[in-house]
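Novice: From the sequence below, what's the structure:
(chains A and B)
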Number of protein chains: 2
Amino acid sequence: MPFSAEFRCIAGCHGAYPLDQVIYRCPSCGDLLEVVHDMAALRERSGDAWKALFAERWRSVDEPWGSGVWGKHEWVAPQLTAANIVSFGEGVTHLTRVPGYAGLGDVRVKQCGTSHSGSFKDLGMTVLVSMVKQMIARGQQIKAIACASTGDTSAALAAYAAAAGIRAVVILPRGKISTAQLVQPLAMGALVLAIDTDFDGCMHLVQELAAKEGVYLANSMNSLRLEGQKTVAIELAQQLHWDVPDWVIIPGGNLGNVSALGAGFEMLLALGLVTKRPRICVAQAAHAAPLHASYTRKWADLEPVKAKTTLASAIQIGNPVSFKKAVRALRAFDGVVEVATEAELADASARADRFGLFTDPHTGVALAALEKLAAVGEITKAERVVVISTASGLKFADFKVGYHEGTLGEVPAPKFRNVPVELPERYDAIRDALLRGLEN
Amino acid sequence: MPFSAEFRCIAGCHGAYPLDQVIYRCPSCGDLLEVVHDMAALRERSGDAWKALFAERWRSVDEPWGSGVWGKHEWVAPQLTAANIVSFGEGVTHLTRVPGYAGLGDVRVKQCGTSHSGSFKDLGMTVLVSMVKQMIARGQQIKAIACASTGDTSAALAAYAAAAGIRAVVILPRGKISTAQLVQPLAMGALVLAIDTDFDGCMHLVQELAAKEGVYLANSMNSLRLEGQKTVAIELAQQLHWDVPDWVIIPGGNLGNVSALGAGFEMLLALGLVTKRPRICVAQAAHAAPLHASYTRKWADLEPVKAKTTLASAIQIGNPVSFKKAVRALRAFDGVVEVATEAELADASARADRFGLFTDPHTGVALAALEKLAAVGEITKAERVVVISTASGLKFADFKVGYHEGTLGEVPAPKFRNVPVELPERYDAIRDALLRGLEN
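Specialist: Okay, here's the model as predicted:
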């Protein structure tokens, strides 16, 4: 079957563009593009047939079909040929039960951070880099793939580009980023340019390089990445035997991930694999909550804010690129937006760790939102909740150390602080400390 | 079929002990125990039938059967009931191709560090903690599970114990371990006792607590853990369509992992799933290489050494617990032992990162060994090699930062150092730097 997909303007302008065209925004109105699939072709296969195909591919040992993204190839980027796919087996992450969290009956965490580069960005980057590999293989002149991010995006880009044999370029403000924050892209051989300017200046520069020098942009406005990220929705439905949870809670900054989540559930519904929608909650740090401001004013237009510093650094964004797409998804999914203070997100992260997780601060924001929705009865004990964990806690060891040492200024009284008990080498003292410790 | 397994002495003393008995060493001779399976019962099922069962479970979304360990339940701990299994979906990690590494034709890295707690220790800990859960459920008085480790073992123990609702206890020398090294077990609620003594003192204390206070020992002499770790061998054969690689390279310190690897391949052979043995190379840091010393003297008896500090901290062990088991495995698998200096391991780790990996220093040791064996023609281009990566590079960010900042004393001239290019905000300067950088 000739499946296909193309770029179209999200505002509805005329025009469609192939996915291997170098285009990031609508040439008519400048708004974002989205990937639109030929749904009629996809509908020729029944929902049950898709389920059978996806089950057969789930963790197949044949590359790349065992990837959570490429197991859904026809729904993601059907014109991409297998030979050009660059994969580290992304996706197929564990759905971990957290029994009794927030007094609820069925809470699970989708562990997207247990991934090659340590974050859910791998899901989108495998699509973008594979597409660029195909473009180069077919003769397009692309010298490198660039981004102006310094966090998970640059790590994922560097990994997939290295595997594809394409150079990655990371542009960032000089003197504002430590080696530690950059160590993944540096180790993986990215060309890192540190410029005497701020982040806005870097964004402009990377766009100028893209326009003039044959560099492909991997920024979050690139909607190829959302096609990979939407497989989170498909995966978690598959893991629940094609049931959908009552609620999905996801941390939100630039808001691409919630748009992708909505797009995944929409395809599942449209193609007959599931029969209901989950409700979606976007969780924002109170220090960077422009979507929450819109939500409380009945989805009023975006008013960009200056985001304040937050421990949840990846969502410290005051002017989210995917605001419109996110509002569209939230309206369709009876969505809500909740916020978490610094102390709330840190304590929620630490509370979840006591169940054997090791959560990053963004997952802490989502868990704090869950606690609040449970406390007011918006989410009830009979409901099944999935929390999307977007990154590995191992990327945030300083946050964890600061919490347990009690040195985070934002969290003066950590509720779940745990410190070593210091003891002399005397058996009775050690035994007493053991027995006392085990009582708590 | 009534599959079963029991503890027996590795030196061959009489006596067999159930896996839910609290016993760590042979009561007759004090040597280690190993888990021995009823192979006759396992042989009643054909090799093809086992392959079919393992393939079905590999793709399963049903807990705990989709776990790489519990998909092999009958081969691991058959008397453990599903209700007592504590799993985070461990195993089923990616086998990542590294094309052309060391000039070879087929090198793959088994990414055991892309796991719940970030290391291969999860594979063994799920077995140990599940067994203790079953022992408690059946009325045994066990107050907690303890270990004297501060690294990956304590992180894995804390995670699985927390999920099981069992307290974890970590005993360590006071003042010698930073919060950062302990942050996983602290975050996951382990009771951490910091004692005014050294590591040997901690080992004695934890054994005394186990003998007197009803604490179960999770130390590496506990052979339940090896039953989980041996699934690495089974998994990688399964990922290669039940072919086995020509070579498996694994970093070695306490040497439990190579024993487990050998045990896994032995079961595959004995039960007819594969028809040949790989050769095995244990890679040691030159600063902690007692196995290498034995190997170069035709497997002479162990002479414990005082291990020197190495970047590969988890294998900085001078008196390996599983020496005898490891030698037995290496003799059976035509094994070799290779060493890597600090500079060699760091450069090999960095070289592999340029392929899009982000390797920990222990994987660096294994990769350096691979380079040496390839350089002398011991491993040839026609051979398939699997390198076992034991931990996530994200646990070793300081090592990576030090390497690329050029501040590791042990590595004065890092070969793959990569640093940001600092630039003024002038388009022509940035364009020139880009084009120059892309030429390299």
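Novice: Packing partners of the longest helix anywhere in chain A?
Specialist: As assigned by DSSP state H, the longest helix anywhere in chain A is helix A:121-137. Here helix A:121-137 touches strand A:144-147, helix A:152-164, helix A:224-229, going by 3 or more Cβ pairs under 8 Å, 6 or more residues apart in numbering or on different chains; DSSP states H and E. Backbone N, C-alpha and C define where each C-beta goes, glycine included.
Novice: What mean pLDDT does the last one get?
Specialist: Averaging pLDDT along helix A:224-229 yields 96.
Novice: quick revisit: pull out the buried positions in the longest helix of chain A.
Specialist: A:121-136 (16 or more other Cβ atoms under 10 Å in any protein chain shown).
Novice: Show me what the mean pLDDT comes to for it.
Specialist: 98.
Novice: likewise stretch A:72-87?
Specialist: 98.
Novice: end-to-end on it?
Specialist: By Cα to Cα, to the nearest Å, the extent of stretch A:72-87 from end to end equals 13 Å.
Novice: Need the contact partners of that stretch.
Specialist: Stretch A:72-87 is contacted by residues A:3-5, A:18-20, A:35, A:37, A:42, A:54, A:63-65, A:67, A:69-70, A:126-127, A:129-131, A:133-134, A:137, A:160, A:163-164, A:224, A:227-228, A:230-231, A:234, A:267 when judged by Cβ atoms under 8 Å, 6 or more residues apart in numbering or on different chains.
Novice: Please, a ChimeraX command that selects the buried ones among those?
Specialist: Burial among the contacts of stretch A:72-87 is assessed by 16+ other Cβ under 10 Å; the matching ChimeraX selection reads:
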select /A:3,4,5,19,20,35,37,42,54,63,64,65,67,69,70,126,127,129,130,131,133,134,160,163,164,224,227,228,230,231,234,267
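Novice: for the stretch 51-200 of chain A, what spans make up the helices?
Specialist: A:73-76, A:121-137, A:152-164, A:179-187, A:199-213 (DSSP state H, counting those that start in this stretch).
Novice: Who are the packing partners of the particular helix or strand that has residue A:367 in it?
Specialist: Here residue A:367 sits within helix A:361-375, counting by DSSP states H and E. Helix A:361-375 sits against strand A:247-251, strand A:279-285, strand A:336-340, helix A:342-353, strand A:384-389, with contacts defined as 3+ Cβ pairs under 8 Å, 6+ apart.
Novice: Can you say which of the helices of the stretch 51-200 of chain A is nearest to residue B:101?
Specialist: Minimum separation from residue B:101 across those (Cβ to Cβ) falls at helix A:152-164, 12.2 Å.
Novice: helices and strands around that closest one, which ones?
Specialist: Here helix A:152-164 touches helix A:121-137, strand A:144-147, strand A:167-173, helix A:179-187, going by 3+ Cβ pairs under 8 Å, 6+ apart.
Novice: Go again with 10 Å.
Specialist: Packed against helix A:152-164 by the contact rule (3 or more Cβ pairs under 10 Å, 6 or more residues apart in numbering or on different chains; DSSP states H and E) you find helix A:121-137, strand A:144-147, strand A:167-173, helix A:179-187, strand A:191-195, helix A:224-229, helix B:342-353.
Novice: tell me the mean pLDDT over it?
Specialist: 97.
Novice: Could you check how far it is from the centre of its chain?
Specialist: How far helix A:152-164 lies from its chain's middle: 15 Å, per Cα atoms, centre = their mean, to the nearest Å.
Novice: Could you figure out how far that helix is turned away from strand A:191-195?
Specialist: Between the axes of helix A:152-164 and strand A:191-195, defined by axes from the mean of the first three to the mean of the last three Cα atoms, to 10 degrees, the angle is 150 degrees.
Novice: what is the orientation angle of helix A:152-164 with strand A:167-173?
Specialist: Angle, helix A:152-164 to strand A:167-173, by the same axes, to 10 degrees: 160 degrees.
Novice: For stretch A:195-204, which outside residues touch it?
Specialist: A:147-150, A:170-176, A:193-194, A:205-206, A:219, B:420-427, B:429-430, B:433 (Cβ atoms under 10 Å, 6 or more residues apart in numbering or on different chains).
Novice: could you redo the last one with a cut-off of 7 Å?
Specialist: A:148, A:171, A:172, A:173, A:174, A:205, B:423, B:424, B:425, B:430 (Cβ atoms under 7 Å, 6 or more residues apart in numbering or on different chains).
Novice: ok, which residues in the stretch 101-250 of chain A are in contact with chain B?
Specialist: Contact residues, the stretch 101-250 of chain A versus chain B (Cβ under 7 Å from any Cβ of the partner chain): A:114-116, A:118, A:143-144, A:159-160, A:162-163, A:167, A:169, A:174, A:179-180, A:182-184, A:186-189, A:191-197, A:201, A:205, A:208-209, A:213, A:238-239.
Novice: May I see the PyMOL selection of the buried members of those?
Specialist: Under the burial definition 16+ other Cβ under 10 Å, those of those that qualify are selected in PyMOL by:
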select buried, chain A and resi 114+115+116+118+143+144+159+160+162+163+167+169+174+179+182+183+184+186+187+188+189+191+192+193+194+195+197+205+209+213+238+239
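Novice: Need the CA coordinates for stretch A:8-17. PDB is fine.
Specialist: C-alpha atoms of stretch A:8-17 as PDB (Å, rounded to 0.1, in the frame of the first residue of the first chain):
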ATOM      1  CA  ARG A   8       1.000  21.300   5.700                       C
ATOM      2  CA  CYS A   9       0.400  24.600   7.500                       C
ATOM      3  CA  ILE A  10      -1.300  24.300  10.800                       C
ATOM      4  CA  ALA A  11      -3.200  27.500  10.100                       C
ATOM      5  CA  GLY A  12      -4.800  25.800   7.100                       C
ATOM      6  CA  CYS A  13      -3.000  27.700   4.300                       C
ATOM      7  CA  HIS A  14      -3.000  25.900   0.900                       C
ATOM      8  CA  GLY A  15       0.100  24.000  -0.100                       C
ATOM      9  CA  ALA A  16       1.700  20.700   0.800                       C
ATOM     10  CA  TYR A  17       5.400  20.000   0.900                       C
END
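Novice: Name the residues linked to residue A:280 by a beta bridge.
Specialist: For residue A:280, the beta-bridge partners under DSSP bridges are residue A:248.
Novice: Tell me how many other residues surround it.
Specialist: For residue A:280, the neighbour count with other Cβ atoms under 10 Å in any protein chain shown is 25.
Novice: Tell me if I'm right that it and residue A:333 touch.
Specialist: Yes - at 4.2 Å, residue A:280 counts as touching residue A:333 under the criterion of Cβ atoms under 7 Å.
Novice: Find the residues that touch each one of those two.
Specialist: Common contacts of residue A:280 and residue A:333 (Cβ under 7 Å, 6+ apart): residue A:262.
Novice: For chain A, which residues score under the pLDDT cut-off?
Specialist: A:1 (pLDDT under 70).
Novice: if I look at residue A:308, how far off is residue A:384?
Specialist: 34 Å (Cβ to Cβ, to the nearest Å).
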